[in-house]
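> I need the structure of the sequence given here:
(one chain, ligands or ions: 1)
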Amino acid sequence: MFYNSIEAAPPDPILGLTEAFRRDPREHKVNLGVGVFVDDAGRTPVLESVRRAERMLWETEKTKDYLPIAGLPTYGREVARLVLGDELHAAMAGRVAVGQTPGGTGAVRIGMDLLKTYRPDATVWMSSPTWGNHHGIAAAAGLATRDYPYYDSVRTRVDVDGMCATLEQVPAGDAVLIHVCCHNPTGADLEPEAWERVAAIAAKAGWLPFFDFAYLGFGEGLAEDRTGLLAVLKRVPEAVVAFSLSKNMGLYSERVGALLLVAESAESAEVGLSHAKRLGRVLYSNPPRHGAALAALVLGDPELCALWEEEVKTMRERIRGLRRQLVAGLTARQSAVDFCFIESQHGMFSFSGLNDAQVAFLREEKAIYMAKGGRINVAGLRSDNMDYVCEAIAESLKLDE
Ligand code: LMR
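As a prediction, the model looks like this:
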């Protein structure tokens, strides 16, 4: 037979956790696995800016006809401006081509397929650690991967020297995958000076910077979060940016992403896009309209855009507050580990330092779900589960004693 001729695939390390969480009958269960924002009532809200755009769309939408393979043109224009910021957009948008993709994952996949097309022998260098799916996507695209040092788990910050020393040795034909902000899974980001070092190395070494930019606005602010990206883009002739509006516009299930191809000229960018379209056509044919239409309305309307920026700020500040509460709660309950580093991390995730046995204990004994490696989705905490989670983590630390 066909289906039972091979063994079942293992569940996805992140999305599989949500499936297990949903099946768990324990009422006090807490999902700190997948990177999804929840408010204090445990809801993942539809943003008000999106809801208003949805009303406008309902009144005005005339068709559900296919989109072009590269997606909705207005969406592409707005995303280019959002990703690059007004100043760099004015200076270089002419040599940036944008293709709408199904989510940020779709953008990473098409970007890697594109790399395989242009440079079949390229290796993709990835931060150690990185989002688990990066490795799977590179493998699916047929690309080899290697790691560069990133997170120093003893000092609980980025190992900038180790990272730069490796990036200096990366051959010109390879690509380096870099998280722009809110590093997934560690929450540890590069400081502006470190970005300048990375930019100088990229310019000199000539490898292709391949950015994953899925958390714009969740770190320090919209302008601040793109500084590292801009520092590199100002110094290199070519780059790839995989962008997502899943988190910061709360459009998770609408699959709203984009692939930006930064080239030396408008003509080269269009050649790149022609291949991205060919690759998209055989994977999903053309991207979904609804979420991109909403995003284009939100970003293109000054009033809605201002409202959205406020909503992003509210989400960002909520997560920061949760970080503070988590650190205070853990500090009050134990003294074995100094968790203060959690407050200096950015975005949804925190690499807690919990080991596999502690993560398993929390899931099995306490119904608290988190990804392997001890990644906590801080944005999944609430005031009604904070004490319980802190208590349980403090208890799990005793497993080491
Ligand atoms: C995560 O890392 O939890 C998110 O990016 C969701 C996903 O697709 O893995």
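
> Nearest residue to the closest residue to the ligand within the chain in space, please, no chain neighbours.
Nearest to the ligand, among the residues of the chain, is G35, at 3.3 Å (CB to the nearest ligand atom). Heads up, the C-betas are built off the backbone N, CA and C, glycines and all. Distances taken as CB to CB, 6 or more residues apart in numbering put M348 closest to G35, at 4.7 Å, once the chain neighbours are dropped.

> For that neighbour, list the residues it contacts.
Under the criterion of CB atoms under 8 Å, 6 or more residues apart in numbering, the contact partners of M348 comprise 35, 37, 182, 184, 187, 215, 218, 247, 319, 377-379.

> now the residues you listed in CSV, with pLDDT?
Listed next are the contacts of M348 as CSV, based on pLDDT from 0 to 100:
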residue, pLDDT
G35, 93
F37, 96
C182, 98
N184, 97
G187, 96
Y215, 98
F218, 97
K247, 97
I319, 97
N377, 96
V378, 96
A379, 94
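
> now, which of these lie within strands?
Among the contacts of M348, the members found in strands (DSSP state E) are N377.

> which SSE is the closest residue to F211 other than its chain neighbours in?
If the residues on either side of it in the chain are set aside, F211 comes closest to V241, at 4.5 Å by CB to CB, 6+ apart. Taking DSSP states H and E as the definition, one finds V241 inside strand 239-244.

> Can I get stretch 191-201 in CSV, CA atoms only?
Only the C-alpha atoms of stretch 191-201 are listed here, as CSV (Å, rounded to 0.1, in the frame of the first residue of the first chain):
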residue,chain,number,x,y,z
GLU,A,191,23.3,46.2,19.1
PRO,A,192,23.8,49.0,16.4
GLU,A,193,27.6,48.8,16.7
ALA,A,194,27.5,45.0,16.1
TRP,A,195,25.3,45.6,13.0
GLU,A,196,27.9,48.0,11.7
ARG,A,197,30.5,45.3,12.0
VAL,A,198,28.3,42.8,10.3
ALA,A,199,27.5,45.3,7.5
ALA,A,200,31.3,45.9,7.0
ILE,A,201,32.0,42.2,6.8
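
> i'd like the first residue to be 699 from this point on
Done: numbering now begins at 699, and the last item shifts to stretch 889-899.

> List the buried residues of that stretch.
892-897, 899 (16 or more other CB atoms under 10 Å).

> quick one: contacts of that stretch?
Around stretch 889-899, the neighbours that count as contacts under CB under 8 Å, 6+ apart are 856, 858, 861-862, 865-866, 876, 888, 925-926, 929-930, 932-934.

> Could you pick out the buried ones from those residues?
Among the contacts of stretch 889-899, the ones that count as buried by 16+ other CB under 10 Å are 856, 858, 861-862, 865, 876, 888, 925-926, 929-930, 933-934.

> Can you add distance to W829, pLDDT and secondary structure and give those residues back as JSON lines?
Rendered in JSON lines, the data for these read as follows (distance: CB to CB, whole Å; pLDDT from 0 to 100; DSSP: H, G, I helix; E, B strand; the rest coil):
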{"residue": "V856", "distance to W829": "16", "pLDDT": "98", "secondary structure": "strand"}
{"residue": "V858", "distance to W829": "20", "pLDDT": "98", "secondary structure": "helix"}
{"residue": "M861", "distance to W829": "17", "pLDDT": "98", "secondary structure": "helix"}
{"residue": "C862", "distance to W829": "21", "pLDDT": "98", "secondary structure": "helix"}
{"residue": "L865", "distance to W829": "19", "pLDDT": "98", "secondary structure": "helix"}
{"residue": "I876", "distance to W829": "12", "pLDDT": "98", "secondary structure": "strand"}
{"residue": "L888", "distance to W829": "16", "pLDDT": "98", "secondary structure": "coil"}
{"residue": "T925", "distance to W829": "21", "pLDDT": "96", "secondary structure": "helix"}
{"residue": "G926", "distance to W829": "17", "pLDDT": "97", "secondary structure": "helix"}
{"residue": "A929", "distance to W829": "22", "pLDDT": "97", "secondary structure": "helix"}
{"residue": "V930", "distance to W829": "19", "pLDDT": "98", "secondary structure": "helix"}
{"residue": "R933", "distance to W829": "25", "pLDDT": "96", "secondary structure": "coil"}
{"residue": "V934", "distance to W829": "23", "pLDDT": "97", "secondary structure": "coil"}
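
> Can you lay out these as TSV showing distance to the ligand?
Rendered in TSV, the data for those read as follows (distance: CB to the nearest ligand atom, whole Å):
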residue	distance to the ligand
V856	19
V858	23
M861	21
C862	26
L865	24
I876	16
L888	19
T925	22
G926	19
A929	24
V930	22
R933	28
V934	26
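
> Who are the contact partners of R724?
R724 makes contacts with A1065, as judged by CB under 8 Å, 6+ apart.

> how near is it to R987?
To R987, R724 is 40 Å away according to CB to CB, to the nearest Å.
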